[in-house]
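# Task: produce atomic coordinates for the following.
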Amino acid sequence: MKKLIKGLLDFQRHGFPAYRETFSRLSRGQAPDTLFISCCDSRVVPNLFASTHPGDLFVARNVGNMIPPADPAGRVAEDAAEAAALEYALVALPVTEIIVCGHSSCGAMAAIESGTCPEGAPNLARWLEIGRPARERLERGELADLPLSRQDRLAHLNVLQQLDHLRTYPAVRARIEAGTLRLHGWWFDIQAAQVHNWNPDLGRFVPIDEGEAERLMRQLEPVSPPAAAPSDATTEAAQPAA
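Below you'll find the model as predicted:
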């Protein structure tokens, strides 16, 4: 906590002047094009490893970077916070990209893989059930050829499973079919500080190095949000605070 307080003072003295115009603009509204769903693990800092700035990402963080699946009407039985963030991103913001980002040495994956949970954490135990389908994929031998621990292979499969969960939402499917939304699966190797991207053509996660980055950039043709998405002016004038 002391480090946080000192950091706040340091930012006000030395960091804020460089961002003064940015925060002045952002005070009137936000217009990120990417929803970034990541684990709340303290070692995973997307603004650091992706070199993004305030206003670039709409971030939803939770234990295990998971999204509850929806029923045919697009509703979830419980744990609706993530579904609410998804809906906000699609309805109130000009989001055209969704990234689900897992990571190495994930404690949530260790608990799911072992089938155990710390005592006295009933809500955590219930939440981790969302990752059970990924564990079933692990048991079936998916991605068995990866030279990784079971925990990290499960983290890979969990990213793929959560992308499947995203597709259970009618609004997501409709946007994908209309060509106004793209889904991406990432996995962050903490030790190497290297992000890997899911390449469906190769059937594996590929490190985003210079070559992979160029390949991805060629594929990322501009995507227009649906007409209902607010413009910058609308965002500034009428958007509710997230």
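# What segments of this protein are helices?
Ranges of helices in the chain, per DSSP state H, are 2-10, 16-26, 46-49, 81-91, 107-114, 122-128, 132-139, 150-166, 170-178, 210-219, 232-238.
# ok, how many other residues are close to V91?
When neighbours are counted by other Cβ atoms under 10 Å, V91 registers 13. Backbone N, C-alpha and C define where each C-beta goes, glycine included.
# Now do it against V76, distance only.
Between V91 and V76 the computed distance is 16 Å (Cβ to Cβ, to the nearest Å).
# What's the end-to-end length of stretch 43-52?
16 Å (Cα to Cα, to the nearest Å).
# now what about that stretch, what contacts it?
36, 38, 53, 56-57, 59, 101, 103, 105, 188, 190, 193, 195 (Cβ atoms under 8 Å, 6 or more residues apart in numbering).
# Throw together a PyMOL command that grabs the buried residues out of the residues you listed.
Selection of buried members from the contacts of stretch 43-52 for PyMOL, criterion 16 or more other Cβ atoms under 10 Å:
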select buried, resi 36+38+56+57+59+101+103+188+195
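# So which of the contacts of stretch 43-52 is the closest to R20?
H53 (13.1 Å; Cβ to Cβ).
# Just read off the phi/psi values of that closest one.
Main-chain dihedrals, H53, degrees, to the nearest 10: phi -120, psi 170.
# Go through the contacts of stretch 43-52 and name the one nearest L181.
Taking Cβ to Cβ as the measure, L181 sits nearest to F36 out of the contacts of stretch 43-52, at 14.1 Å.
# how near is that closest one to C101?
F36 is 7 Å from C101, by Cβ to Cβ.
# quick one: which of the helices of the chain is nearest D201?
helix 210-219 (10.1 Å).
# other SSEs contacting that closest one?
Helices and strands touching helix 210-219, by 3 or more Cβ pairs under 8 Å, 6 or more residues apart in numbering; DSSP states H and E, are strand 194-199.
# now the strand it packs on: mean pLDDT?
Strand 194-199 shows a mean pLDDT of 96 in the predicted model.
# picking that back up, can you flag which of the contacts of stretch 43-52 belong to strands?
Secondary structure defined by DSSP state E assigns 36, 38, 57, 59, 101, 103, 188, 195 of the contacts of stretch 43-52 to strands.
# I'd like the distance between the fourth one and E177.
To tie it back to what came earlier, the one meant is V59. Taken as Cβ to Cβ, the span from V59 to E177 is 26 Å.
# cool, the last one as well?
If you measure V195 against E177 using Cβ to Cβ, the figure is 28 Å.
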